[in-house]
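K.L.:
predicted model, plus sequence, below.
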Amino acid sequence: MFIIWWLIVGLIAGWITGKIMSGGGYGAIMDMVVGLIGALIGGFIMRSLGYAGSGGLIYTILVAVAGAVILTLLLRLVTRGRARSI
């Protein structure tokens with residue numbers, strides 16, 4: 001059940017991030033992956049700032065979206081940098 005919860009949160013966070021970050025996203029599967037990795041990044045950042053890791057659905061999605069936005073910014077910086085140097 002826990003894995004299904006993370007997949008749902010990752011899918012929602014990836015979809016919201018795709019809408020926020022002006023672009024079509026990376027497709028359904030990659031949006032989910034970005035959302036899941038973003039949730040890990042967001043959770044790490046929130047724990048580092050001293051916030052509790054427990055919260056409801058909205059808190060979890062907001063943290064995942066924040067991490068996914070950061071991850072998307074980093075991915076775009078890396079992929080644009082490589083495209084320009086070729």
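P.N.:
Perfect, I can see it now.
K.L.:
low-confidence ranges in the chain?
P.N.:
Filtered on pLDDT under 70, the chain yields the residue ranges 1, 23-26, 52-53, 81-86.
K.L.:
that one: helices as residue ranges?
P.N.:
With DSSP state H as the criterion, the chain has helices at 2-20, 28-48, 57-85.
K.L.:
the second one vs helix 57-85, what angle?
P.N.:
Yep, that's helix 28-48 we're talking about. 110 degrees (axes from the mean of the first three to the mean of the last three Cα atoms, to 10 degrees).
K.L.:
so which bits of helix 28-48 are buried?
P.N.:
Residues 31-43, 46 are the ones in helix 28-48 that count as buried (16 or more other Cβ atoms under 10 Å). Glycine gets a C-beta too; all of them are placed from N, C-alpha and C.
K.L.:
closest one of those to residue 80?
P.N.:
residue 34 (16.4 Å; Cβ to Cβ).
K.L.:
OK, contacts around that closest one?
P.N.:
Counting by Cβ atoms under 8 Å, 6 or more residues apart in numbering, residue 34 touches 13, 14, 17, 26, 68, 71, 72, 75.
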